[in-house]
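Asks: sequence first, predicted model second:
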Amino acid sequence: MAFTREESGDDGVVQMKAKDVNENISKLRRVPKQAKMKVSKRLEGIGEYYFSQKLREIDQLNRQGKNIINLGIGSPDLPPHPDVIRTLQEDAAKANVHGYQNYKGSPILRIAISEWYRQWYSVELDPDTEILPLIGSKEGIMHICMTYLDKGDEVLVPNPGYPTYRSAVKLAGGKCIEYKLKDKNNYEPEFEKLSKKNLRKVKLMFVNYPQMPTGQPPSTELFEKIVAFGKENNILIIHDNPYSFILNERPMSLLSVKDAKEVVIELNSLSKSHNMAGWRVGMLCGAKEKVDEVLRFKSNMDSGMFLPVQLAAAKALGLSQDWHDQVNAIYTARREKVFELLDLLNCDYSKQQVGLFVWAKIPARYKDGYELSDDILYNKNVFITPGGIFGDAGRKYIRVSLCGAVERFEEAIKRIREREPQK
Ligand SMILES: Cc1ncc(COP(=O)(O)O)c(C=O)c1O
C-alpha cells in the first residue's frame with residue numbers, strides 16, 4: 001500500500017495517510033517522529049564519569065579473555081567488621097524497621113557520629129542540630145552546590161582534585177575557578193596568590209586533606225590557614241574528609257580549628273574508613289544554620305536511609321583503634337608492593353603520602369599519564385588511573401589504588417617486569 005508522509009503542523013509528529021481511502025481506516029495512525037530528545041543545557045560539558053567509561057572498556061577486554069588487573073578504582077575490597085554486618089542482618093529481620101525514616105537520619109546514628117567526632121577529631125557536634133547523615137559524601141557535594149549556588153556564582157576547586165566537585169558546581173549552574181596544587185608547595189593552596197584574585201563572586205571553596213589524588217596529609221598550620229582564608233574572604237569552605245583514617249596516623253577534622261564552624265562544612269564518609277563504600281553512608285557536619293539550609297534541599301531529593309543500614313553504621317563508628325590498625329597494616333603491605341611497581345615504571349613518588357592511593361610522577365619518556373596508562377593497559381593488561389582525569393595539573397602523574405590483594409600487585413609487577421628492559 002502506498003503512503004505519503006506529511007509533516008504535521010505543530011505537535012512534532014509525522015502523520016501517515018493511506019492514499020487509498022478504501023484501505024482499512026485503522027491503518028491511519030500517528031507515528032512518533034524519531035527525533036533525538038535533547039538533554040538539558042545543564043548537562044552540557046558534563047561527560048560520563050571517566051571510570052564508568054573505562055570500566056566498560058575493561059569489561060570488554062575481559063570478555064576477550066584479557067584478565068585485566070584493575071588498580072584504578074578506590075573501592076575497598078576488604079569487608080566491614082563482622083559486628084557491623086551482624087547488626088544489619090539482625091535489624092533487617094525485624095518487622096518495624098522498613099518504613100520511611102526521619103529526613104535528618106536516626107538519632108542513634110547522629111549520636112554515634114557526634115561521639116566519633118569527639119573521640120577521633122576532638123570536635124564537639126550537637127547530634128540534634130549539627131549533623132546530617134548522607135547517602136555517601138558524594139551526594140553531599142551536590143546538595144551543597146544546589147543549596148548555595150546561583151547561576152554565575154564562583155567556586156574554588158582543587159586541580160588536581162576529585163572530579164565530582166567540578167561537575168556538581170557546573171550542574172548547579174556555578175562556575176569553577178581552579179586553584180593549582182603543586183608538589184613544590186606540598187599540594188597546599190597558594191593563599192597569597194589566591195587572595196590577590198578578585199574573589200567577589202566566590203561563594204564556596206572545596207578542600208580535601210588527606211588530599212585525593214596527591215595523598216598530601218593535613219597539618220594544623222594548613223587547616224588554620226584554610227579557615228582564616230574563608231573568614232577573610234567570606235567564603236564557605238567545604239572540607240571533604242573521607243580518607244582521614246587510611247594510613248594516616250592522626251585523623252584530623254577542619255572543624256577542630258577554633259571557630260571553624262563559622263565558615264566550614266565538613267563532609268565525611270564510612271566508605272573508606274570502614275570498608276563500606278557500597279553501603280552509602282556519609283555525613284555532613286557544621287553549624288545548625290548550615291545543616292538546616294542543606295536539609296531544605298536534601299529533604300526534597302531523598303527520603304533517608306534504610307534504618308538497619310544506619311544502625312549498622314552507628315556500630316561501625318564505635319570500632320576501636322585495633323580494627324583500624326589491622327586494616328592499615330594490610331594497606332601498608334600493599335603500599336610496599338605499589339612502591340615496587342612504581343620503581344619498575346621509573347616513577348617518582350613520596351613515601352609520606354596517606355590515603356587509599358599512591359600518586360606518582362611519570363618518567364619523561366611518556367607524554368602524559370594517559371599514554372602510560374594505555375601502554376600498560378593494552379600491553380600488560382594492568383589498569384592504572386591517569387592523573388589527568390583529576391585536572392590538567394595531574395597530567396604528568398598516575399594514581400595507583402591500594403584496593404587489591406598483595407597477590408594482585410605481585411602479578412601486576414610480574415606482568416610489567418616481563419616487558420621492562422633489564423637495568
Ligand atoms: C575525595 C573524595 N570525596 C568523596 C568521595 C565519595 O565518597 P562516598 O563514597 O562517601 O560518596 C570520594 C570517592 O572516591 C573521594 O575520592
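Replies: Thanks, I have it.
Asks: confidence score at the nearest residue to residue 344 once chain neighbours are set aside?
Replies: Spatial nearest neighbour of residue 344, chain neighbours left out: residue 416 (5.3 Å); criterion: Cβ to Cβ, 6 or more residues apart in numbering. C-beta here means a position set from N, CA and C on the backbone, and glycine is covered the same way. Predicted confidence (pLDDT) at residue 416: the value is 94.
Asks: same deal with the one 5 residues further on?
Replies: Reading off the per-residue confidence, residue 421 sits at a pLDDT of 49.
Asks: interface residues of the chain facing the ligand?
Replies: Within the chain, the positions near the ligand by Cβ under 6 Å from any ligand atom are 74, 136-138, 162, 208, 212, 240, 242, 269, 271, 277, 282.
Asks: can you redo those residues as a markdown table with distance to residue 388, neighbour count and secondary structure?
Replies: Formatted as a markdown table, these follow (distance: Cβ to Cβ, whole Å; neighbours: other Cβ atoms under 10 Å; DSSP: H, G, I helix; E, B strand; the rest coil):
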| residue | distance to residue 388 | neighbour count | secondary structure |
| --- | --- | --- | --- |
| 74 | 17 | 21 | coil |
| 136 | 25 | 21 | coil |
| 137 | 24 | 24 | helix |
| 138 | 21 | 19 | helix |
| 162 | 14 | 22 | coil |
| 208 | 18 | 25 | coil |
| 212 | 15 | 23 | coil |
| 240 | 20 | 28 | strand |
| 242 | 22 | 25 | coil |
| 269 | 25 | 23 | strand |
| 271 | 24 | 23 | coil |
| 277 | 24 | 20 | helix |
| 282 | 27 | 25 | strand |
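Asks: low-confidence ranges, this protein, go.
Replies: By pLDDT under 70, the low-scoring segments of the chain are 1-34, 49, 419-423.
Asks: what is the host helix or strand of residue 370 packed up against?
Replies: Assessed by DSSP states H and E, residue 370 sits inside helix 369-380. Here helix 369-380 touches strand 382-383, strand 385-386, strand 397-401, helix 406-419, going by 3 or more Cβ pairs under 8 Å, 6 or more residues apart in numbering; DSSP states H and E.
Asks: could you rerun that using 7 Å?
Replies: Contacts defined by 3 or more Cβ pairs under 7 Å, 6 or more residues apart in numbering; DSSP states H and E place helix 369-380 against strand 385-386, strand 397-401, helix 406-419.
Asks: just the residues contacting the last one, thanks.
Replies: By Cβ atoms under 7 Å, 6 or more residues apart in numbering, the residues outside helix 406-419 that reach it are 69, 71, 333-334, 337-338, 340-341, 344-345, 376, 379-382.
Asks: rerun at 6 Å
Replies: 69, 333, 334, 337, 340, 341, 344, 380, 382 (Cβ atoms under 6 Å, 6 or more residues apart in numbering).
Asks: which positions in the longest helix that the chain contains come out as buried?
Replies: Longest helix in the chain, counting residues (DSSP state H): helix 321-344. Neighbour counts using 16 or more other Cβ atoms under 10 Å place 323, 324, 327, 328, 331, 334, 335, 337, 338, 339, 341, 342 of helix 321-344 among the buried residues.
Asks: what's around the nearest residue to residue 279 once chain neighbours are set aside, how many residues?
Replies: The shortest distance from residue 279 to any non-neighbouring residue, by Cβ to Cβ, 6+ apart, is to residue 309 (5.8 Å). Other residues lying near residue 309 total 24 when counted by other Cβ atoms under 10 Å.
Asks: could you check the angle helix 321-344 makes with the helix or strand where residue 309 lies?
Replies: Assigned by DSSP H and E, residue 309 belongs to helix 307-317. Comparing the axes of helix 307-317 and helix 321-344 via axes from the mean of the first three to the mean of the last three Cα atoms, to 10 degrees yields an angle of 80 degrees.
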